[in-house]
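Visitor: Any chance you can model this:
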Amino acid sequence: GDALDELLGVAAGIRDAGLRDAGRPGVVTYSKKVFIPLTRLCRDRCHYCTFATVPHRLPAPFLDRDEVLAIAREGAAQGCKEALFTLGDRPEERWPAARRWLDERGYDSTLDYLRACAVAVLEETGLLPHLNPGVLSWSELQRLKPVAPSMGMMLETTATRLWSEPGGPHFGSPDKEPAVRLRVLDDAGRVGVPFTTGILIGIGETHAERVDALFAIRRAHREYGHLQEVIVQNFRAKPDTAMRGMPDAELHDLAATVAVARLLLGPRMRIQAPPNLIEGEYDLLLRAGIDDWGGVSPVTPDHVNPERPWPQLDELARRTADGGFTLRERLTIYPEYVRAGDPWLDPRVLAHVTALADGETGLAVEDARPAG
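Guide: Now for the predicted structure:
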(Lines give C-alpha, C1' and ligand atoms only; values in the text may rest on other atoms or scores of the structure.)
Protein backbone atom coordinates (compact mmCIF):
# COMPACT_ATOMS: atom_id res chain seq x y z
CA GLY A 1 0.00 0.00 0.00
CA ASP A 2 1.03 3.58 0.65
CA ALA A 3 3.86 2.51 2.98
CA LEU A 4 5.42 0.41 0.23
CA ASP A 5 5.08 3.25 -2.28
CA GLU A 6 6.76 5.64 0.15
CA LEU A 7 9.62 3.20 0.78
CA LEU A 8 10.16 2.64 -2.95
CA GLY A 9 10.12 6.38 -3.61
CA VAL A 10 12.82 7.07 -1.03
CA ALA A 11 15.00 4.21 -2.31
CA ALA A 12 14.61 5.31 -5.94
CA GLY A 13 15.67 8.82 -5.02
CA ILE A 14 18.84 7.50 -3.38
CA ARG A 15 19.60 5.37 -6.45
CA ASP A 16 19.04 8.33 -8.79
CA ALA A 17 21.41 10.50 -6.77
CA GLY A 18 24.05 7.79 -6.97
CA LEU A 19 23.73 7.50 -10.74
CA ARG A 20 24.08 11.26 -11.11
CA ASP A 21 27.19 11.24 -8.93
CA ALA A 22 28.61 8.39 -11.04
CA GLY A 23 28.17 10.47 -14.19
CA ARG A 24 25.51 8.28 -15.75
CA PRO A 25 22.12 9.64 -14.71
CA GLY A 26 19.19 7.47 -15.69
CA VAL A 27 21.38 4.58 -16.86
CA VAL A 28 20.65 0.99 -15.76
CA THR A 29 23.26 -1.58 -16.72
CA TYR A 30 23.58 -5.26 -17.60
CA SER A 31 26.36 -7.61 -18.72
CA LYS A 32 26.14 -9.61 -21.93
CA LYS A 33 27.45 -13.04 -21.02
CA VAL A 34 27.71 -16.74 -21.60
CA PHE A 35 27.06 -19.12 -18.71
CA ILE A 36 29.67 -21.88 -18.36
CA PRO A 37 28.61 -24.62 -15.87
CA LEU A 38 32.12 -26.05 -15.41
CA THR A 39 30.83 -28.79 -13.09
CA ARG A 40 27.42 -29.50 -11.61
CA LEU A 41 28.87 -31.70 -8.89
CA CYS A 42 29.15 -30.20 -5.41
CA ARG A 43 30.01 -31.31 -1.91
CA ASP A 44 27.10 -29.31 -0.46
CA ARG A 45 23.47 -30.40 -0.18
CA CYS A 46 21.35 -27.24 -0.43
CA HIS A 47 17.68 -28.19 -0.22
CA TYR A 48 16.46 -25.84 -2.98
CA CYS A 49 19.15 -26.45 -5.61
CA THR A 50 18.66 -28.16 -8.96
CA PHE A 51 22.03 -27.06 -10.37
CA ALA A 52 23.98 -29.59 -8.31
CA THR A 53 23.43 -33.22 -9.29
CA VAL A 54 25.07 -36.64 -9.04
CA PRO A 55 27.72 -38.17 -11.35
CA HIS A 56 25.52 -40.77 -13.05
CA ARG A 57 23.23 -38.00 -14.37
CA LEU A 58 26.08 -36.30 -16.20
CA PRO A 59 28.04 -37.36 -19.29
CA ALA A 60 31.24 -36.33 -17.44
CA PRO A 61 32.05 -34.76 -14.08
CA PHE A 62 33.37 -31.58 -15.75
CA LEU A 63 33.07 -29.81 -19.07
CA ASP A 64 36.30 -30.40 -20.92
CA ARG A 65 38.42 -27.53 -22.16
CA ASP A 66 37.14 -27.73 -25.74
CA GLU A 67 33.53 -27.58 -24.55
CA VAL A 68 34.31 -24.52 -22.45
CA LEU A 69 35.98 -22.79 -25.39
CA ALA A 70 33.14 -23.68 -27.75
CA ILE A 71 30.64 -21.93 -25.44
CA ALA A 72 32.91 -18.92 -25.09
CA ARG A 73 33.55 -18.64 -28.84
CA GLU A 74 29.82 -18.74 -29.58
CA GLY A 75 29.34 -15.93 -27.08
CA ALA A 76 32.16 -13.88 -28.56
CA ALA A 77 30.61 -14.24 -32.01
CA GLN A 78 27.39 -12.72 -30.65
CA GLY A 79 29.10 -9.84 -28.87
CA CYS A 80 29.19 -11.25 -25.34
CA LYS A 81 32.01 -9.98 -23.16
CA GLU A 82 31.59 -12.00 -19.96
CA ALA A 83 32.18 -15.70 -19.35
CA LEU A 84 30.38 -16.57 -16.12
CA PHE A 85 31.90 -19.72 -14.60
CA THR A 86 29.52 -21.34 -12.14
CA LEU A 87 30.36 -24.59 -10.40
CA GLY A 88 29.81 -26.62 -7.29
CA ASP A 89 32.04 -26.33 -4.23
CA ARG A 90 35.03 -28.70 -4.25
CA PRO A 91 33.19 -31.73 -5.70
CA GLU A 92 36.33 -33.89 -5.57
CA GLU A 93 35.99 -33.99 -1.78
CA ARG A 94 32.65 -35.79 -2.07
CA TRP A 95 32.63 -37.55 -5.43
CA PRO A 96 35.38 -40.05 -6.41
CA ALA A 97 34.43 -39.58 -10.07
CA ALA A 98 35.39 -35.90 -9.85
CA ARG A 99 38.69 -36.71 -8.13
CA ARG A 100 39.50 -39.34 -10.74
CA TRP A 101 38.67 -37.00 -13.67
CA LEU A 102 40.98 -34.30 -12.32
CA ASP A 103 43.79 -36.76 -11.54
CA GLU A 104 43.67 -38.26 -15.03
CA ARG A 105 44.22 -34.80 -16.53
CA GLY A 106 46.88 -33.64 -14.11
CA TYR A 107 44.88 -31.12 -12.06
CA ASP A 108 45.30 -30.88 -8.31
CA SER A 109 41.80 -29.56 -7.68
CA THR A 110 38.64 -28.14 -9.21
CA LEU A 111 40.04 -24.65 -8.63
CA ASP A 112 43.25 -25.61 -10.45
CA TYR A 113 41.16 -26.68 -13.45
CA LEU A 114 38.98 -23.56 -13.19
CA ARG A 115 42.08 -21.39 -13.39
CA ALA A 116 43.30 -23.22 -16.50
CA CYS A 117 39.92 -22.80 -18.20
CA ALA A 118 39.75 -19.10 -17.30
CA VAL A 119 43.19 -18.58 -18.87
CA ALA A 120 42.10 -20.42 -22.02
CA VAL A 121 38.91 -18.34 -22.36
CA LEU A 122 40.73 -15.09 -21.71
CA GLU A 123 43.56 -15.77 -24.16
CA GLU A 124 41.70 -17.64 -26.90
CA THR A 125 38.36 -15.80 -27.02
CA GLY A 126 38.88 -12.46 -25.25
CA LEU A 127 35.83 -12.94 -23.01
CA LEU A 128 36.38 -11.75 -19.44
CA PRO A 129 35.95 -14.53 -16.86
CA HIS A 130 33.77 -13.95 -13.81
CA LEU A 131 34.33 -16.77 -11.35
CA ASN A 132 31.70 -18.17 -8.97
CA PRO A 133 33.38 -21.24 -7.44
CA GLY A 134 31.92 -20.84 -3.97
CA VAL A 135 34.06 -20.60 -0.85
CA LEU A 136 37.65 -19.56 -1.51
CA SER A 137 40.62 -19.08 0.79
CA TRP A 138 42.79 -15.98 0.82
CA SER A 139 45.53 -17.79 -1.12
CA GLU A 140 43.02 -19.15 -3.67
CA LEU A 141 41.66 -15.65 -4.27
CA GLN A 142 45.21 -14.46 -4.86
CA ARG A 143 45.86 -17.24 -7.35
CA LEU A 144 42.66 -16.59 -9.31
CA LYS A 145 42.84 -12.79 -9.39
CA PRO A 146 45.34 -12.66 -12.31
CA VAL A 147 42.96 -14.64 -14.57
CA ALA A 148 39.62 -12.96 -13.82
CA PRO A 149 38.70 -9.28 -13.45
CA SER A 150 35.94 -10.13 -10.96
CA MET A 151 34.63 -12.93 -8.79
CA GLY A 152 31.57 -13.57 -6.68
CA MET A 153 29.85 -15.61 -4.01
CA MET A 154 26.36 -15.10 -2.66
CA LEU A 155 26.31 -14.62 1.11
CA GLU A 156 22.62 -15.71 0.96
CA THR A 157 21.97 -15.37 4.69
CA THR A 158 23.67 -14.85 8.05
CA ALA A 159 21.04 -16.99 9.84
CA THR A 160 23.21 -19.75 11.29
CA ARG A 161 20.15 -21.77 12.31
CA LEU A 162 19.29 -22.33 8.62
CA TRP A 163 22.64 -24.12 8.33
CA SER A 164 22.98 -25.81 11.71
CA GLU A 165 19.50 -27.21 12.37
CA PRO A 166 18.15 -30.38 10.70
CA GLY A 167 15.59 -29.48 8.06
CA GLY A 168 17.20 -26.12 7.36
CA PRO A 169 17.87 -25.28 3.70
CA HIS A 170 21.66 -25.39 4.22
CA PHE A 171 21.85 -28.30 6.67
CA GLY A 172 24.61 -30.68 5.55
CA SER A 173 26.36 -28.02 3.45
CA PRO A 174 29.77 -27.15 4.93
CA ASP A 175 30.31 -24.21 2.58
CA LYS A 176 27.06 -22.51 3.61
CA GLU A 177 28.07 -21.80 7.20
CA PRO A 178 27.57 -18.01 7.47
CA ALA A 179 30.84 -17.46 9.35
CA VAL A 180 32.75 -19.19 6.54
CA ARG A 181 31.09 -17.08 3.85
CA LEU A 182 31.63 -13.86 5.79
CA ARG A 183 35.32 -14.73 5.98
CA VAL A 184 35.37 -15.03 2.18
CA LEU A 185 33.88 -11.54 1.84
CA ASP A 186 36.66 -10.16 4.02
CA ASP A 187 39.40 -12.10 2.27
CA ALA A 188 38.21 -10.91 -1.15
CA GLY A 189 38.51 -7.37 0.16
CA ARG A 190 41.99 -7.99 1.54
CA VAL A 191 43.11 -9.36 -1.83
CA GLY A 192 41.47 -6.47 -3.71
CA VAL A 193 39.05 -8.49 -5.83
CA PRO A 194 36.04 -6.62 -7.30
CA PHE A 195 33.43 -8.90 -5.79
CA THR A 196 29.76 -9.70 -6.22
CA THR A 197 27.64 -10.93 -3.34
CA GLY A 198 24.01 -10.85 -2.29
CA ILE A 199 21.17 -12.33 -0.31
CA LEU A 200 18.58 -14.98 -1.13
CA ILE A 201 15.19 -14.20 0.35
CA GLY A 202 12.32 -16.54 1.12
CA ILE A 203 14.31 -19.57 2.32
CA GLY A 204 13.00 -19.40 5.89
CA GLU A 205 14.83 -16.36 7.22
CA THR A 206 13.07 -13.69 9.26
CA HIS A 207 13.02 -10.03 8.25
CA ALA A 208 15.48 -9.29 11.06
CA GLU A 209 17.86 -11.98 9.75
CA ARG A 210 17.53 -10.58 6.25
CA VAL A 211 18.52 -7.12 7.47
CA ASP A 212 21.38 -8.61 9.49
CA ALA A 213 22.81 -10.05 6.26
CA LEU A 214 22.61 -6.62 4.60
CA PHE A 215 24.42 -5.05 7.56
CA ALA A 216 27.14 -7.72 7.27
CA ILE A 217 27.57 -6.87 3.60
CA ARG A 218 27.73 -3.17 4.44
CA ARG A 219 30.37 -3.78 7.10
CA ALA A 220 32.61 -5.71 4.69
CA HIS A 221 32.29 -3.05 1.99
CA ARG A 222 32.99 -0.19 4.39
CA GLU A 223 36.16 -1.98 5.47
CA TYR A 224 37.52 -2.80 2.00
CA GLY A 225 35.46 -1.02 -0.70
CA HIS A 226 35.45 -4.11 -2.92
CA LEU A 227 31.79 -5.09 -3.28
CA GLN A 228 30.96 -4.04 -6.81
CA GLU A 229 27.36 -5.22 -6.69
CA VAL A 230 24.81 -6.75 -4.35
CA ILE A 231 22.17 -9.11 -5.70
CA VAL A 232 18.80 -9.39 -4.01
CA GLN A 233 17.42 -12.69 -5.30
CA ASN A 234 14.02 -14.18 -4.62
CA PHE A 235 13.62 -17.88 -3.86
CA ARG A 236 11.69 -19.78 -6.53
CA ALA A 237 10.60 -23.31 -5.63
CA LYS A 238 11.70 -26.08 -8.00
CA PRO A 239 10.35 -29.60 -8.44
CA ASP A 240 12.54 -32.52 -7.35
CA THR A 241 14.01 -30.57 -4.43
CA ALA A 242 13.41 -30.86 -0.69
CA MET A 243 11.89 -27.35 -0.72
CA ARG A 244 9.56 -27.90 -3.66
CA GLY A 245 6.55 -27.21 -1.41
CA MET A 246 7.81 -23.87 -0.12
CA PRO A 247 6.00 -20.78 -1.46
CA ASP A 248 7.94 -18.51 -3.77
CA ALA A 249 9.19 -15.25 -2.31
CA GLU A 250 6.47 -12.69 -3.01
CA LEU A 251 7.44 -9.98 -5.49
CA HIS A 252 6.31 -7.04 -3.35
CA ASP A 253 8.43 -8.51 -0.55
CA LEU A 254 11.33 -8.64 -3.02
CA ALA A 255 10.78 -4.99 -3.97
CA ALA A 256 10.63 -3.93 -0.32
CA THR A 257 13.85 -5.83 0.39
CA VAL A 258 15.59 -4.20 -2.59
CA ALA A 259 14.48 -0.81 -1.28
CA VAL A 260 15.76 -1.54 2.23
CA ALA A 261 19.05 -2.73 0.71
CA ARG A 262 19.29 0.58 -1.14
CA LEU A 263 18.68 2.54 2.05
CA LEU A 264 21.26 0.55 3.99
CA LEU A 265 23.93 0.26 1.29
CA GLY A 266 23.60 3.78 -0.06
CA PRO A 267 23.71 5.56 -3.42
CA ARG A 268 27.09 4.23 -4.59
CA MET A 269 26.30 0.54 -4.30
CA ARG A 270 25.14 -1.20 -7.45
CA ILE A 271 22.10 -3.31 -6.62
CA GLN A 272 20.71 -6.00 -8.90
CA ALA A 273 17.64 -8.21 -9.21
CA PRO A 274 17.75 -11.03 -11.80
CA PRO A 275 15.23 -10.16 -14.56
CA ASN A 276 14.26 -13.77 -15.31
CA LEU A 277 12.91 -14.31 -11.77
CA ILE A 278 10.53 -11.34 -11.47
CA GLU A 279 7.54 -12.40 -13.59
CA GLY A 280 7.73 -9.29 -15.79
CA GLU A 281 7.64 -6.83 -12.88
CA TYR A 282 10.40 -4.67 -14.34
CA ASP A 283 8.84 -1.38 -13.31
CA LEU A 284 8.34 -2.54 -9.73
CA LEU A 285 12.02 -3.39 -9.33
CA LEU A 286 13.15 -0.18 -11.01
CA ARG A 287 10.94 1.76 -8.61
CA ALA A 288 12.55 -0.15 -5.73
CA GLY A 289 16.00 1.21 -6.49
CA ILE A 290 17.93 -1.32 -8.58
CA ASP A 291 20.45 0.01 -11.09
CA ASP A 292 21.54 -3.25 -12.74
CA TRP A 293 19.90 -6.33 -14.26
CA GLY A 294 22.95 -8.60 -13.95
CA GLY A 295 24.25 -10.93 -16.59
CA VAL A 296 21.91 -11.76 -19.46
CA SER A 297 22.81 -14.23 -22.17
CA PRO A 298 21.68 -14.43 -25.80
CA VAL A 299 23.47 -17.79 -26.06
CA THR A 300 23.15 -19.95 -22.93
CA PRO A 301 20.34 -20.60 -20.43
CA ASP A 302 20.46 -19.75 -16.75
CA HIS A 303 21.70 -23.16 -15.60
CA VAL A 304 20.74 -22.38 -11.99
CA ASN A 305 17.15 -21.52 -13.04
CA PRO A 306 16.83 -23.31 -16.40
CA GLU A 307 13.03 -23.16 -16.33
CA ARG A 308 13.17 -19.34 -16.41
CA PRO A 309 14.62 -18.00 -19.66
CA TRP A 310 16.47 -14.72 -19.91
CA PRO A 311 14.53 -11.82 -21.43
CA GLN A 312 15.50 -10.87 -24.96
CA LEU A 313 17.85 -7.90 -24.84
CA ASP A 314 15.52 -5.78 -26.99
CA GLU A 315 12.69 -6.54 -24.57
CA LEU A 316 14.88 -5.73 -21.57
CA ALA A 317 15.84 -2.40 -23.14
CA ARG A 318 12.20 -1.61 -23.90
CA ARG A 319 10.98 -2.45 -20.42
CA THR A 320 13.82 -0.46 -18.88
CA ALA A 321 12.91 2.51 -21.08
CA ASP A 322 9.26 2.17 -20.03
CA GLY A 323 10.50 2.70 -16.47
CA GLY A 324 12.29 5.88 -17.48
CA PHE A 325 15.83 4.53 -17.83
CA THR A 326 18.37 3.83 -20.55
CA LEU A 327 19.88 0.34 -20.69
CA ARG A 328 23.67 0.22 -21.16
CA GLU A 329 26.04 -2.70 -21.33
CA ARG A 330 28.79 -2.99 -18.73
CA LEU A 331 31.65 -5.42 -18.33
CA THR A 332 31.85 -8.10 -15.67
CA ILE A 333 33.98 -5.66 -13.68
CA TYR A 334 32.03 -2.51 -12.85
CA PRO A 335 33.02 0.92 -14.27
CA GLU A 336 34.27 2.31 -10.96
CA TYR A 337 36.87 -0.46 -10.71
CA VAL A 338 37.77 -0.26 -14.41
CA ARG A 339 38.57 3.43 -14.03
CA ALA A 340 40.39 2.97 -10.73
CA GLY A 341 42.70 0.27 -12.14
CA ASP A 342 45.32 -0.67 -9.57
CA PRO A 343 44.90 -2.39 -7.09
CA TRP A 344 41.62 -3.79 -8.38
CA LEU A 345 42.81 -4.90 -11.82
CA ASP A 346 45.75 -7.25 -12.02
CA PRO A 347 48.21 -6.15 -14.75
CA ARG A 348 47.77 -9.53 -16.44
CA VAL A 349 44.09 -8.86 -17.19
CA LEU A 350 44.30 -5.09 -17.63
CA ALA A 351 44.81 -5.16 -21.41
CA HIS A 352 41.91 -7.57 -21.88
CA VAL A 353 39.59 -5.25 -19.92
CA THR A 354 40.68 -2.00 -21.56
CA ALA A 355 40.19 -3.55 -25.00
CA LEU A 356 36.45 -3.79 -24.25
CA ALA A 357 35.92 -0.76 -22.00
CA ASP A 358 34.93 2.77 -22.91
CA GLY A 359 37.84 4.85 -21.66
CA GLU A 360 35.60 7.66 -20.43
CA THR A 361 32.75 5.81 -18.71
CA GLY A 362 34.27 2.42 -17.91
CA LEU A 363 31.17 0.78 -19.41
CA ALA A 364 31.40 -1.68 -22.29
CA VAL A 365 32.00 -0.51 -25.82
CA GLU A 366 28.77 -2.05 -27.05
CA ASP A 367 29.83 -2.87 -30.61
CA ALA A 368 33.21 -4.26 -29.51
CA ARG A 369 33.92 -7.91 -30.28
CA PRO A 370 36.27 -9.84 -27.98
CA ALA A 371 39.36 -11.06 -29.80
CA GLY A 372 41.34 -14.03 -28.58
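
Visitor: Give me the contact list for the one helix or strand A118 maps to.
Guide: Secondary structure assignment for A118, by DSSP states H and E: helix 110-125. The contact list for helix 110-125 (C-beta atoms under 8 Å, 6 or more residues apart in numbering) reads 36, 38-39, 62, 65, 68-69, 72-73, 75-76, 83, 85, 87, 90-92, 98, 102, 105, 107, 127-129, 131, 133, 136, 140, 143-144, 147-148, 349, 352, 370, 372. In this view, the C-beta of every residue, glycine as well, is placed from N, C-alpha and C.

Visitor: Please spell out the ChimeraX selection for the buried subset of these.
Guide: Here is the ChimeraX command that selects the buried residues among the contacts of helix 110-125 (16 or more other C-beta atoms under 10 Å):
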select :36,38,39,62,68,69,72,73,75,76,83,85,87,90,91,92,98,102,107,127,128,129,131,133,136,140,144,147,148,349,352,370
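
Visitor: and the contacts of helix 110-125, which of them are in helices?
Guide: In helices, judged by DSSP state H, the following of the contacts of helix 110-125 are found: 65, 68-69, 72-73, 75-76, 98, 102, 140, 143-144, 349, 352.

Visitor: Make JSON lines out of these and add pLDDT and distance to G294.
Guide: Shown next, in JSON lines, are the ones in helices among the contacts of helix 110-125 (pLDDT from 0 to 100; distance: C-beta to C-beta, whole Å):
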{"residue": "R65", "pLDDT": "97", "distance to G294": "27"}
{"residue": "V68", "pLDDT": "98", "distance to G294": "21"}
{"residue": "L69", "pLDDT": "98", "distance to G294": "24"}
{"residue": "A72", "pLDDT": "97", "distance to G294": "19"}
{"residue": "R73", "pLDDT": "97", "distance to G294": "23"}
{"residue": "G75", "pLDDT": "95", "distance to G294": "16"}
{"residue": "A76", "pLDDT": "95", "distance to G294": "20"}
{"residue": "A98", "pLDDT": "95", "distance to G294": "28"}
{"residue": "L102", "pLDDT": "97", "distance to G294": "30"}
{"residue": "E140", "pLDDT": "97", "distance to G294": "24"}
{"residue": "R143", "pLDDT": "97", "distance to G294": "26"}
{"residue": "L144", "pLDDT": "98", "distance to G294": "21"}
{"residue": "V349", "pLDDT": "96", "distance to G294": "21"}
{"residue": "H352", "pLDDT": "95", "distance to G294": "21"}
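
Visitor: Just the pLDDT for G1.
Guide: pLDDT, G1: 88.

Visitor: Count residues in the vicinity of it, would you?
Guide: When neighbours are counted by other C-beta atoms under 10 Å, G1 registers 6.

Visitor: And it, how close does it get to L8?
Guide: According to C-beta to C-beta, to the nearest Å, G1 and L8 sit 11 Å apart.

Visitor: just L128 next, same as before
Guide: Noted for L128: a distance of 33 Å to L8, by C-beta to C-beta.

Visitor: what's the helix or strand for A259?
Guide: Using DSSP H and E, A259 falls within helix 251-265.

Visitor: Which positions in that helix come out as buried?
Guide: Across helix 251-265, burial judged by 16+ other C-beta under 10 Å covers 251, 253-262, 265.

Visitor: Likewise for stretch 147-166?
Guide: Across stretch 147-166, burial judged by 16+ other C-beta under 10 Å covers 147-159, 162-163.
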